[in-house]
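Chemist: Below are the sequence and a predicted model; questions follow.
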Amino acid sequence: MARIALRKLLTRFVGWFIAIVSIGLVSATSHAHHSYSMYDGSFYRVFTGVMVRVIPNAAHFEMHFVPLNEDRNALVRDEKGEPLVWVVQMESAAEAFRHGITRESFPKGAVISIGVHPRRDGRPAGDRGDSGLFQCPKDVVPAPGMHCDSVEGSQAFGDGEIPAEG
């Protein structure tokens, strides 16, 4: 009788041990997806640009925009002469929604300003980090070298300010 009880206890212990180890392995794998190591968090690049597309993914809200030049009178273009689209990974769609960031609040053509931790590999993408996000009033661009936070009537989304570049 004692032998049967001991065997049941041992079987239960092994079962719990396997379950806990399995959960730990799955949890480690899911956290690896959320690594920010591809971005250089040691500095920001600050952009003012024109919205191309908003993608409210559940894991990370994305904004696609084309930067304006420093004179604020032309789009930045790549070596082929095409508009250079930057992709910014942001917080979750739920968190973005709490800050008033939706697909509808950033229509195609809206002018925005944001700081971005750029990708380490040089691709035109980055992570918002703690940067502020500002939208200029419709049909208004900031003065040369300035950003939407300097424009009267601009709208801030969430907390934060436009960071110093560098």
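Modeler: Done, it's in.
Chemist: Secondary structure element holding the closest residue to Phe47 other than its chain neighbours?
Modeler: Closest residue in space to Phe47, ignoring its immediate chain neighbours: Pro67 at 4.7 Å, by CB to CB, 6 or more residues apart in numbering. Bear in mind the C-beta positions are built from the backbone N, C-alpha and C, glycine included. According to DSSP states H and E, Pro67 maps onto strand 61-67.
Chemist: which residues are contacting the helix or strand following that strand?
Modeler: Later in the chain than strand 61-67, the nearest helix or strand by DSSP H and E is strand 86-89. For strand 86-89, contacts defined as CB atoms under 8 Å, 6 or more residues apart in numbering pick out 47, 49, 60-67, 114, 116, 124-128.
Chemist: roughly how far out does strand 86-89 sit from the chain middle?
Modeler: How far strand 86-89 lies from its chain's middle: 7 Å, per CA atoms, centre = their mean, to the nearest Å.
Chemist: ok, that strand: who's next to it in the sheet?
Modeler: In the sheet, strand 86-89 lines up against strand 61-67 (antiparallel), strand 125-127 (parallel) (DSSP bridges).
Chemist: Show me which parts of the biggest strand by length in the chain are buried, residue by residue.
Modeler: Secondary structure of the chain per DSSP state E: the longest strand is strand 45-56. For strand 45-56, burial by neighbour count (16 or more other CB atoms under 10 Å) applies to Arg45, Val46, Phe47, Thr48, Gly49, Val50, Met51, Val52, Val54, Pro56.
Chemist: of those, closest to Pro142?
Modeler: The nearest member of the buried residues of strand 45-56 to Pro142, counting by CB to CB, is Thr48 at 5.9 Å.
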